[in-house]
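> Following is a predicted model, sequence given first.
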Amino acid sequence: MNSGKSKPALRKRIADTCQKLKIPAERFDPVSIPKGNLITDTLIDLHCRPKYAGFIWERLADGYEVVIIDSFPLVVTSALIDPAEKVWLILEEEVDGNHKYWVYDGRIKTILRVLRKIKKRSEVYVAPKDCEWLISLNKDQHIILSGKVLYDRLWKLADSEDRGKA
């Protein structure tokens, strides 16, 4: 794969971070570019308006979008995902003037551990293997949810917090 071009900065930083943190591949692993493109295309087909420019979260179209503004978006994200579930992490990076999506396979706790160490990042997306829902974390620290399953989980989480305060 060495075509004379340097490895994209974000992908390299993530590889270096995983090595430094000694994260095993079964907990967090890069997906091949062809498979990653297929996953990204599937998410866009399922969750976005067709032929609409912009970030994925700006194109959501399923009717269950929720925007959360929170000081700790990674904590909220963690609360919505079963820690045992393997999910896709999709990161966007501009490489040679083009937007690239880098896809990883992992568990949410490990994903969040890596994300905390990666400083400069743009848009972050997390989705289950069946692509039924999508969590977007944008560069402004907003959480954008797509999919009825997440919508229901969010309300269940809110209800449980309300009961705890009563």
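Structure's in. What do you need?
> How are the helices of this structure distributed by residue range?
Taking DSSP state H, the helices of the chain run over residues 9-21, 33-47, 73-80, 108-117, 148-165.
> looking at the protein, which helix or strand does the model trust least?
Here the helix or strand of the chain ranked lowest by mean pLDDT, DSSP states H and E is strand 66-69, holding a mean of 70.
> and stretch 81-98, C-alpha only, in CSV?
Extracted in CSV, the C-alpha atoms of stretch 81-98 (Å, rounded to 0.1, in the frame of the first residue of the first chain):
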residue,chain,number,x,y,z
ILE,A,81,-24.3,2.0,23.9
ASP,A,82,-24.1,-1.4,25.5
PRO,A,83,-20.4,-1.8,26.5
ALA,A,84,-20.4,-5.4,25.1
GLU,A,85,-21.6,-4.4,21.7
LYS,A,86,-19.1,-4.1,18.9
VAL,A,87,-19.7,-1.0,16.8
TRP,A,88,-18.3,0.9,13.9
LEU,A,89,-16.3,4.1,14.5
ILE,A,90,-16.2,6.4,11.5
LEU,A,91,-13.9,9.4,11.5
GLU,A,92,-13.7,12.0,8.8
GLU,A,93,-10.5,13.6,7.7
GLU,A,94,-9.5,15.8,4.8
VAL,A,95,-6.7,14.2,2.8
ASP,A,96,-5.3,15.9,-0.4
GLY,A,97,-8.4,18.1,-0.5
ASN,A,98,-10.8,15.2,-0.3
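> picking that back up, how about the helices of the chain in JSON lines, adding mean pLDDT?
Formatted as JSON lines, the helices of the chain follow (pLDDT from 0 to 100):
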{"stretch": "helix 9-21", "mean pLDDT": "91"}
{"stretch": "helix 33-47", "mean pLDDT": "92"}
{"stretch": "helix 73-80", "mean pLDDT": "80"}
{"stretch": "helix 108-117", "mean pLDDT": "91"}
{"stretch": "helix 148-165", "mean pLDDT": "77"}
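> With mean neighbour count as new columns, can these be given to me in a markdown table?
Glycine gets a C-beta too; all of them are placed from N, C-alpha and C. Output for these, formatted as a markdown table (neighbours: other CB atoms under 10 Å):
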| stretch | mean neighbour count |
| --- | --- |
| helix 9-21 | 15 |
| helix 33-47 | 16 |
| helix 73-80 | 17 |
| helix 108-117 | 18 |
| helix 148-165 | 12 |
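> is it possible to export those helices to a markdown table including distance to Arg59?
Compiled in a markdown table, these are given as follows (distance: least, CB to CB, whole Å):
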| stretch | distance to Arg59 |
| --- | --- |
| helix 9-21 | 21 |
| helix 33-47 | 7 |
| helix 73-80 | 20 |
| helix 108-117 | 22 |
| helix 148-165 | 17 |
